[in-house]
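1. take this sequence and fold it.
(one chain, ligands or ions: 4)
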Amino acid sequence: KAKELGRGRYAFFIESLLEQSIRKIKIANALATAIELEELTIFYQAKVNNGEKICGFEALVRWNSKSEGMISPAEFIPIAEQSGRVTAISRWVIRQVFKDHVEIARITQRPTTVAINLSAYDLKEPGLVLYIQELLVAYDINPAGIEFEVTESAYLDNFKQATEVLSALRKLGFSIALDDFGTGYSSLSYLAQIKVDTIKIDRAFVWNIDQSLHDTKIIETIFDLAKALHLDICAEGVETPAQADFLISRGCHQLQGYYYAKPLPLEALESKITAFI
Ligand code: C2E
Ligand code: MG
Ligand code: MG
Ligand code: MG
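-> Residues are numbered from 1 along each chain as shown. Ligands and ions are numbered 1, 2, ... in the order given. Reported below is the predicted structural model:
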């Protein structure tokens, strides 16, 4: 009987593995035509300063696949990375943000930075900097209005090349933010060596800062470190007024999360963010 049960579990395990692989293959196939079928769009999530007024936005890609339905970037970006399609998606996102930039500036009527997420694979692509440089001219963008977000692991994946690409982007006048800070393991040892403008504290540290002494200590240590290195701090995943108060009282420069605004399509921005203008 135990044997039968074991075999049943084993079959179940294989079946679910198989289902997962089939889903991945379907997504990888559908991704191949996502750009030409115009299935990608960008949602913009507001970031506010410590006076709780808009200081920028983060561009977050969305994919509504005609064959597979809505798929989260948390699911399809890793598959795009594995199947070699992420750089095409990144290029599409960068171009779209540059196109939208004028409209965003009109809505906020103040200097506003739009952040674009880059993958580790983008930092290995030699043509990226030139591509961005050409778009900068074509869309007449002020690079001070664009920030690129990279994760710690994207940096560590290929430290030398990542440093080259990111310092080239900084020379052009763009700023760089280190995304999901605190989720890697060697952050503190290399933070002093790399050149970034902002660190974004991962929402894993934000969600119970006002309740857990442990997380409070971690956040305070990160803040001290950022201050010593003259870096700006952005807190992600701010969902409650208590979290916002805590972060602002500790000198956090930028805040982002559902408490202020969810990611929204460009057409909805103007009506939904008036409280923070
Ligand atoms: P990320 O860059 O760390 O983006 C933050 C994620 O947290 C977003 O999920 C955002 O919608 C979500 N979020 C924001 N505020 C809150 C909050 O208060 N509570 C909670 N629970 N979540 C919040 P999203 O849009 O699903 O994106 C997931 C990840 O996918 C991003 O993490 C980023 O790593 C990746 N991604 C999204 N867009 C792009 C893109 O254009 N290019 C690349 N390479 N990666 C992207
Ligand atoms: Mg990000
Ligand atoms: Mg993040
Ligand atoms: Mg995150």
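2. now for residue 178, how many residues are close by?
-> Using other CB atoms under 10 Å, residue 178 has 24 neighbouring residues. (Glycine included, C-beta is placed from N, CA and C.)
3. again with the one 5 residues further on
-> Residues near residue 183, counting by other CB under 10 Å, number 15.
4. name the element it belongs to?
-> Using DSSP states H and E, residue 183 falls within no helix or strand.
5. wait, isn't it in contact with residue 203?
-> No. In this structure residue 183 lies outside contact range of residue 203 using CB atoms under 8 Å: 9.7 Å.
6. who touches residue 255 in this structure?
-> Residues in contact with residue 255 (CB atoms under 8 Å, 6 or more residues apart in numbering) are 47, 48, 49, 50, 52, 234, 235, 238, 244, 247, 248.
7. please redo it, this time with the cut-off set to 7 Å
-> Residue 255 sits next to 47, 48, 235, 238, 244, 247 when contact means CB atoms under 7 Å, 6 or more residues apart in numbering.
8. just those residues: which are in helices?
-> Residues of those located in helices (DSSP state H): 244, 247.
9. and of the contacts of residue 255, the nearest to ligand 2?
-> Using CB to the ion, residue 47 comes nearest to ligand 2 of the contacts of residue 255, at 10.4 Å.
10. what is the neighbour count of that closest one?
-> 29.
11. same check on residue 108?
-> 20.
12. equivalent analysis for residue 140, please.
-> 9.
13. in a strand, it, correct?
-> No. Read with DSSP: H, G, I helix; E, B strand; the rest coil, residue 140 is coil and lies in no strand.
14. what sits against it?
-> Residue 140 touches nothing, counting by CB under 7 Å, 6+ apart.
15. local confidence estimate at it?
-> In this prediction, residue 140 carries a pLDDT score of 95.
16. likewise for residue 208?
-> Per the predicted model, pLDDT is 82 at residue 208.
17. just residue 186 next, same as before
-> For residue 186, the model assigns a pLDDT of 57.
18. flag every residue of the stretch 51-200 of the chain that's near ligand 2.
-> Residues of the stretch 51-200 of the chain found near ligand 2 (CB under 5 Å from the ion) are 117, 149, 179.
19. what's the closest non-adjacent residue to the first one?
-> In space, and not counting its chain neighbours, residue 117 is closest to residue 149: 4.8 Å by CB to CB, 6 or more residues apart in numbering.
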